[in-house]
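Novice: My questions are about this predicted structure, shown below with the sequence.
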Amino acid sequence: MASTITYHPLNLYTQFKNAADKTPDVPIILDKSFDSFPELTEENTYKSVHEAILKRAYQLGQLGFKKEDFIIIYKSSAVDTYFLAVAATYLGAIPVMVSHHLSAKVLDVFAERLEKSWLLYDDDTKERVFEMITTAPVHKLSTKELVLASSDPIPAKLLAEDVIQYITHTSGTTGVPKLICHSGQSMGWRVAWQETIFEKMAKRNLLAFHISPVHSRYNIGFSSAMELGFPVMPLSRAKTDSISVMLKKYQPMALETHPNNFIQWARLAKKEPELFSSIRYYHSTFDAINLGTLETFLEASHSQNPVFMQVYGQSECGPMILRYHRLETIHHTNGRDMGIGLEGYTSARITDEKGNVLPQGENGHIQLNSKGRALTYYKEDDRFKENVYGDWWDSGDYGCLTPEGTLLLKDRQVDLIKTIDSNLAIEDFLLDQLSFLDEVIIVRDKENRPQPILALAVNEEMDWDAWWQAVNDLPLLNKPIFMAFEDIPRTATMKVQRLKIERELKQQDLQGIYD
């Protein structure tokens, strides 16, 4: 079937309004209520959510928000974060999407880079907002204050398609996050990429997803789904009791989340596979996932020929490389094989540290070519340019191309350990082999030796015999250190903050803290 997808620039508000006009009665299902949108219920429509967003836009305007103003949206992690960003774009304001777990010190840095900004917060982030010490002008506004403001209509003032329209941030795994600038043009190419994937789905049934609303992936996914008229169920809660209720009640056709959430939910899929029986399409974003977890969810599906789509990408470039996994191929697949780019949109190559292209099979820097590449890092353009090699972007990841032209992701360049070809491959192997573990992380100890960090599954004990048998043929690993799954430091997209663990490991007795 030939694709009918065409590229056009993305304006968040215009796209939302057009979808609401075209298919007003399509459902948007929510798993909680929001102070910022008290008029929304569990079951809404494109039209009713658009009306609520428009009211918030009027209120923001009445409070003084103007075209080209920066609005830092720093609140609890839920879909209303995205709705507020859509409202801001109606005014031509620039949403700056900030993860709720970032500290007041990081907020200070962001405020100083932006020089003058608004900051929208809620009860979850209020304490840190008022711990800020920056002298940069920041107008602080709570979501509770917002909804009490006058909502007299004001006209839309949209930004041009080639200027900064939307700002996200890097994960912060290696320090203070960088502010990534997106235009309507760059986001439009990412939407076209995603719609090309969505278009392959035979039916327009319910899409469920639990991903970080401050990540660029969120606006791309939401915009793409609405443009094609899919019902959507953005899940705000990752806890298994909430997930169970929503999956059982609404039986979505597709489910997307971060790899570590899939790992966390795998026990639920084994215990109550019927909860996932309606799902034909799984979608894992941002990173690779171990094959055992993939198999668990595919087996839980009662759909004919279920598929698990794994997408590798970066905030700077958007979704890049994809691979489809099915039950009949899962045991013949390398879990680190990300697949290939999408023809006409994205591709990958391997180079040395100077940008010279390396042959297939040789490890090096993963560089990405994307029509949806971001514009720059705000006020850090030189840092952005350090990664630019003409049309190519150095991802900071390490791997190689197979003879078939697919991409093997092995590690982050900053996480390399000399004695190990791929930390990530070892982590996948151990998770697949040892069912009593919920997480395996390989970091460097004080002497740069490989140090496993383990999180036991709930109600499970360490099986040392199984552990030593599993690592028998692996490169020499230190004796494991234990952490609770919820105590492992992570980014907004659930990526492990490995360097933070390493710093603590070098500064003090991590065994004593986390055991």
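Specialist: Everything's here; your move.

Novice: Over to Arg349. Which of the three states is it?
Specialist: strand (DSSP: H, G, I helix; E, B strand; the rest coil).

Novice: Please report phi then psi for the residue nearest to it when sequence neighbours are not counted.
Specialist: Excluding the flanking residues, the one nearest Arg349 by Cβ to Cβ, 6 or more residues apart in numbering is Gln367, at 5.2 Å. For the C-beta atoms, the positions are set from N, CA and C on the backbone; glycine is no exception. Gln367 adopts backbone torsions of phi -110, psi 140, taken as degrees, to the nearest 10.

Novice: Have a look at the protein and report its longest strand.
Specialist: With DSSP state E setting the assignment, residue counts place strand 392-401 as the longest strand in the chain.

Novice: what's that strand in contact with?
Specialist: 314, 316-317, 336, 348-351, 355, 358, 360-370, 373, 387-388, 407-414, 416 (Cβ atoms under 8 Å, 6 or more residues apart in numbering).

Novice: low pLDDT regions in the stretch 251-400 of the chain?
Specialist: 286-288 (pLDDT under 70).

Novice: Check the offset of the longest strand of the chain from the chain's centre.
Specialist: Relative to its chain's centre, strand 392-401 lies at 19 Å (Cα atoms, centre = their mean, to the nearest Å).

Novice: What average pLDDT does the following helix or strand past that strand get?
Specialist: Where DSSP states H and E defines the elements, the next helix or strand beyond strand 392-401 is strand 407-412. For strand 407-412, the mean pLDDT works out to 85.

Novice: by contact count, what packs against strand 407-412?
Specialist: On a contact count with 3 or more Cβ pairs under 8 Å, 6 or more residues apart in numbering; DSSP states H and E, strand 407-412 meets strand 337-341, strand 392-401, helix 423-433.

Novice: what sits up against the longest helix belonging to the chain?
Specialist: Longest helix of the chain, by residue count under DSSP state H: helix 46-62. Residues from elsewhere that reach helix 46-62 (Cβ under 8 Å, 6+ apart): 13, 16-17, 19-20, 23-26, 28, 36-37, 39-40, 71, 83-84, 86-88, 90-91, 93, 146-147, 149-154, 156, 226.

Novice: Please report how far the residue nearest to Arg349 lies from Gln413.
Specialist: Distance from Gln367 to Gln413, counting by Cβ to Cβ, to the nearest Å: 11 Å.

Novice: got it, and His365?
Specialist: Distance from His365 to Gln413, by Cβ to Cβ: 7 Å.

Novice: next one: Ile279
Specialist: Taken as Cβ to Cβ, the span from Ile279 to Gln413 is 35 Å.

Novice: Which of the helices and strands packed on strand 407-412 sits closest to Asp465?
Specialist: Within the helices and strands packed on strand 407-412, the stretch nearest Asp465 is helix 423-433; the backing value is 12.5 Å (Cβ to Cβ).

Novice: Just the angle for the closest one relative to strand 407-412, thanks.
Specialist: Angle, helix 423-433 to strand 407-412, by axes from the mean of the first three to the mean of the last three Cα atoms, to 10 degrees: 100 degrees.

Novice: what's the offset of helix 423-433 from the middle of its chain?
Specialist: With Cα atoms, centre = their mean, you get 22 Å for helix 423-433.

Novice: by contact count, what packs against it?
Specialist: Using 3+ Cβ pairs under 8 Å, 6+ apart, helix 423-433 sits against helix 291-300, strand 407-412, strand 437-444, strand 450-456, helix 464-471.

Novice: Which residues does the first one contact?
Specialist: Outside of helix 291-300, the residues that reach it under the criterion Cβ under 8 Å, 6+ apart are 259, 262-263, 266, 269-270, 273-277, 279, 282, 284, 306-308, 310, 325-327, 330-331, 333, 335, 428, 431-432.

Novice: Show me what counts as buried in that helix.
Specialist: 291-298, 300 (16 or more other Cβ atoms under 10 Å).

Novice: export these to JSON lines and tack on distance to Leu424?
Specialist: Output for these, formatted as JSON lines (distance: Cβ to Cβ, whole Å):
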{"residue": "Leu291", "distance to Leu424": "12"}
{"residue": "Gly292", "distance to Leu424": "14"}
{"residue": "Thr293", "distance to Leu424": "14"}
{"residue": "Leu294", "distance to Leu424": "15"}
{"residue": "Glu295", "distance to Leu424": "18"}
{"residue": "Thr296", "distance to Leu424": "19"}
{"residue": "Phe297", "distance to Leu424": "20"}
{"residue": "Leu298", "distance to Leu424": "21"}
{"residue": "Ala300", "distance to Leu424": "25"}
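
Novice: for the residues you listed, which one is nearest Trp189?
Specialist: Once Cβ to Cβ is applied, the member of the buried residues of helix 291-300 that ends up nearest Trp189 is Leu294, at 28.2 Å.

Novice: In a markdown table, list the helices and strands packed on helix 423-433 along with distance to Ala238.
Specialist: Formatted as a markdown table, the helices and strands packed on helix 423-433 follow (distance: least, Cβ to Cβ, whole Å):
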| stretch | distance to Ala238 |
| --- | --- |
| helix 291-300 | 15 |
| strand 407-412 | 24 |
| strand 437-444 | 13 |
| strand 450-456 | 15 |
| helix 464-471 | 27 |
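
Novice: between these, which gets nearest to Thr135?
Specialist: strand 407-412 (35.1 Å).

Novice: Compare Ile279 and Gln413 (neighbour count), which wins?
Specialist: Using other Cβ atoms under 10 Å as the criterion, Ile279 and Gln413 rank with Ile279 on top: 24 against 16.

Novice: Just say helix, strand or coil for that one.
Specialist: Quick answer, by three-state DSSP: Ile279 is coil.

Novice: does it really touch Ser301, like I thought?
Specialist: Yes: with contact defined as Cβ atoms under 8 Å, Ile279 reaches Ser301; the gap is 5.3 Å.

Novice: okay, now Glu51: neighbour count?
Specialist: The burial count for Glu51: 15, using other Cβ under 10 Å.

Novice: same check, this time on the one 5 residues further on
Specialist: Around Arg56 sit 24 other residues, with neighbours defined as other Cβ under 10 Å.
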